[in-house]
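**Q** here's my sequence, what's the structure:
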Amino acid sequence: MAKKIGLAAFLSILFFSCSSAPEKRNDDPYLYGSHELLGRSGQALEAETRMIAYSISLELVVKNPGEIRAVLAGQVKTSNGFIVRDSEKFITARIPAENMDSFLNSVRQHGKVKNEIKTGTDITDQYRDNAIKLESLKNVRHRYLALLEKANSVADMLSIEKELERINTEIEVLEGKLKYAELSAAYSNITVVFGENKKPGPLGWLFYGLYQGIKWLFVWG
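**A** Below is the predicted model:
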C-alpha cells in the first residue's frame with residue numbers, strides 16, 4: 001500500500017515538473033520540419049516566419065475534358081507535384097507552393113476559367129502548439145522509461161506501462177498532425193473541375209441567330 005501511494009505521489013510530481021521546467025529538446029525531425037519553425041535552441045517563432053496552407057479550386061470550361069485532363073496530369077509532374085484524386089470531371093493535385101502560380105497560369109491557358117476561389121490559412125500557431133505538446137510528451141515518456149527501470153513490483157511496472165502506452169498514442173497523433181501541417185504548407189491543394197464547352201444544336205443556332213438580329217436592331221435603332 002505504501003508503495004502504491006509513493007508511486008502515485010511520484011507521478012504527480014513528475015507531471016508538474018514537466019509542465020514547469022521542460023528538459024532539453026531532443027534532436028527530433030518532427031519538431032523542426034522543412035520550415036524550421038522551431039529553432040534547435042528552443043527559441044520562439046520568428047515574427048516574419050509563417051506557415052500558410054493554400055487551397056485553390058476553379059472550373060475550367062474546355063472543348064475536350066479528357067484531353068485537357070491528361071495534359072494537366074503531365075503538368076503536375078513537371079511542377080514536381082502529385083495527384084491526389086483524378087476523375088473524368090475533376091483533378092485534384094498537390095503542387096509545391098513555389099510552383100503554385102506558374103501551374104495555375106498554365107491551367108488557365110487551356111480554357112475559360114469560371115468560379116476560381118483561392119484561400120490561405122495561417123497554421124503557424126497550431127503547428128507551434130502541437131510541436132510544444134509533442135516535446136513535452138516526449139520528455140514525460142523519457143521520465144516514465146527511467147521510472148520503469150527502477151520499478152520494484154509487477155503492479156508498478158504494469159501501471160507505468162499503461163501510461164506509456166497512452167503517451168505513445170498521443171505522440172503518434174501529434175506527429176501525424178505536424179506532418180500534415182508541413183505537407184499543407186509546402187504543397188498547395190489545387191482542384192480543377194472540367195466544364196465541357198458544348199456547341200449548340202440546330203435549334204440553339206436558330207435562337208442564337210435571332211438574338212444576334214435583335215441585338216443588331218437595338219444597336220442601330
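**Q** rounded mean pLDDT for the longest helix anywhere in the chain, please.
**A** The longest helix of the chain (DSSP state H) is helix 154-186. Averaged over helix 154-186, pLDDT sits at 95.
**Q** helices of this structure, residue ranges please.
**A** Under the criterion DSSP H, the chain contains helices at 2-20, 65-78, 100-108, 124-150, 154-186, 202-220.
**Q** once you drop chain neighbours, what's closest to residue 73?
**A** Sequence neighbours aside, residue 83 is the residue nearest to residue 73 in space, at 6.4 Å (criterion: C-beta to C-beta, 6 or more residues apart in numbering). Where C-beta positions appear, they are placed from N, C-alpha and C, glycine not excepted.
**Q** how much space separates that neighbour from residue 90?
**A** Using C-beta to C-beta, to the nearest Å, residue 83 is found at 11 Å from residue 90.
**Q** again with residue 100
**A** Plainly put, residue 100 is 18 Å away from residue 90 if you go by C-beta to C-beta.
**Q** more neighbours, the two?
**A** More crowded of residue 100 and residue 90, by other C-beta atoms under 10 Å: residue 100, with 19 against 16.
**Q** skipping adjacent residues, who's closest to that one in space?
**A** Going by C-beta to C-beta, 6+ apart, residue 100 has residue 188 as its nearest residue, at 4.4 Å.
**Q** ok, that neighbour - contacts?
**A** Residues in contact with residue 188, defined by C-beta atoms under 8 Å, 6 or more residues apart in numbering, are 53-56, 94-97, 100.
**Q** try 6 Å this time
**A** Counting by C-beta atoms under 6 Å, 6 or more residues apart in numbering, residue 188 makes contact with 54, 95, 97, 100.
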